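> I would like to see how this sequence folds:
(one chain, ligands or ions: 1)
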Amino acid sequence: MIKRMLLREVEYARPGSIEEAVRLLGAHDGARALAGGQTLVNVMKARAAAPEVLVDLADLSELREIARSADGSLELGAMVTYSELVRSPDVAAARPILAEVAATIADRQVQNRGTVGGNVCVNDPTNHLPPLLSALGATFTILGPGGERTVAAGDFFLGVYLTAVGEGELLARVTVPALAAGSGDAMEGITLGVHGTYIVSAAASVGPAGVRVAIGCVSAVPERATALEQRLSGAELTPEAVHAAVAGLGDALDPPADVHAPADYRRRLAEVCCERAVLSAAKRARG
Ligand SMILES: Cc1cc2nc3c(=O)[nH]c(=O)nc-3n(C[C@H](O)[C@H](O)[C@H](O)COP(=O)(O)OP(=O)(O)OC[C@H]3O[C@@H](n4cnc5c(N)ncnc54)[C@H](O)[C@@H]3O)c2cc1C
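Residues are numbered from 1 along each chain as shown. Model prediction:
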């Protein structure tokens, strides 16, 4: 009797340096980085993906660092877990919304294994970090055979399971500007149950530099609500003004319809989530 293995046969490497990881990723067609494994191993079990070589990033301590740069920005190594975001004093000081949101992702097991890099490289539209990092104006540092490059959030997320990290490349870190004085961040969403998957989400950052809003689950990439941002530019963010500004915002969206929500319901939820996120961020900005 032939017994089917859970995973297709796969080569496994556990490099001890970033240089070695980049070399391995570039040297083998079909090599994939392995971070927390929570998405990758599941898609391998389902045979939706069958990488030939897994390059496990677990021993790369540089990718686990959380640091502050000279201008106060947060430098999050790609292998930082959600639990580490929750516990980090640097995150609490520089951009506390990251810890607040990480604490709401799924459950403790997922928070202990899931990584910042894995979350954004998957770019599942229901994931928490892509819209949040878009609203916060994060940048992404990618290493490859050609060296290092930094990509803004607007150019990083390209589609579902598709980002600016190309074949043979590695996401090294995510840089998040520190929260400026008089600013506030918030993320609001409608989930399937407590700590469940988002049906629609919106993240907002409000401050002297203006308003940034990104919506999740309405397209293959986080959608910046630029029309809303312009309408709110220079406006006093009263509940009435924000309510008026979000009206009709959903009509410009083309969200998917699935078993959880028809497209039109998602359009209306997007307006509700944006309104809540902007008002909550504005309240925090006022202190
Ligand atoms: C039950 C359950 C519920 C979940 N619910 C949520 C949720 O509500 N919200 C949410 O945001 N997430 C949720 N997740 C997803 C979870 O956050 C995953 O951790 C995440 O999507 C992938 O992260 P990972 O570290 O496990 O990456 P992996 O599965 O190891 O990797 C995912 C992909 O990213 C690539 N990759 C990883 N790191 C790098 C890197 N540094 N450079 C280049 N490529 C890289 C891999 O090659 C792979 O293609 C859930 C997961 C589970 C199991």
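> so A172 touches T139, yeah?
No. Using Cβ atoms under 8 Å, A172 is not in contact with T139, being 11.5 Å away. Where you see a C-beta, it was placed from the backbone N, CA and C, and this is true even at glycine.
> Looking at those two, which has the bigger crowd around it?
Taking neighbours as other Cβ atoms under 10 Å, A172 and T139 compare with A172 leading, 23 against 17.
> so whichever residue of the chain sits closest to the ligand is in which element?
Nearest to the ligand, among the residues of the chain, is G118, at 2.1 Å (Cβ to the nearest ligand atom). Assigned by DSSP states H and E, G118 belongs to helix 116-122.
> Just give me the longest helix of this structure.
Ranked by residue count and defined by DSSP state H, the top helix of the chain is helix 263-286.
> Quick check: the residue of the chain closest to the ligand vs L76, distance?
12 Å (Cβ to Cβ, to the nearest Å).
> Which one of those two is surrounded by more residues?
L76 (29 against 24).
> So which bits of the chain are right by the ligand?
By Cβ under 6 Å from any ligand atom, the residues of the chain that approach the ligand are 32-40, 57, 78, 105-106, 110, 113-115, 117-119, 121-122, 124, 127-129, 165, 170-171, 197.
> hmm, try it at 5 Å
Contacts of the chain with the ligand, taken as Cβ under 5 Å from any ligand atom, map to 32-33, 35-40, 78, 105-106, 110, 114-115, 117-119, 121-122, 127-128, 165, 170-171, 197.
> Among those, name the ones in helices.
L40, V110, G117, G118, N119, C121, V122.
> In those residues, find the pair that's most separated.
Spanning the widest gap among those are V110 and C121, at 16.0 Å by Cβ to Cβ.
> returning to what we had before: drop anything exposed from the residues of the chain next to the ligand.
Neighbour counting by 16 or more other Cβ atoms under 10 Å classes 32-33, 35-40, 78, 105, 114-115, 117-119, 121-122, 127-128, 165, 170-171, 197 among the residues of the chain next to the ligand as buried.
> Ranking helices and strands of this structure by mean pLDDT, which lands last?
Sorting the helices and strands of the chain by mean pLDDT, DSSP states H and E puts helix 40-45 at the bottom, at a mean of 90.
> Sounds good, over and out.
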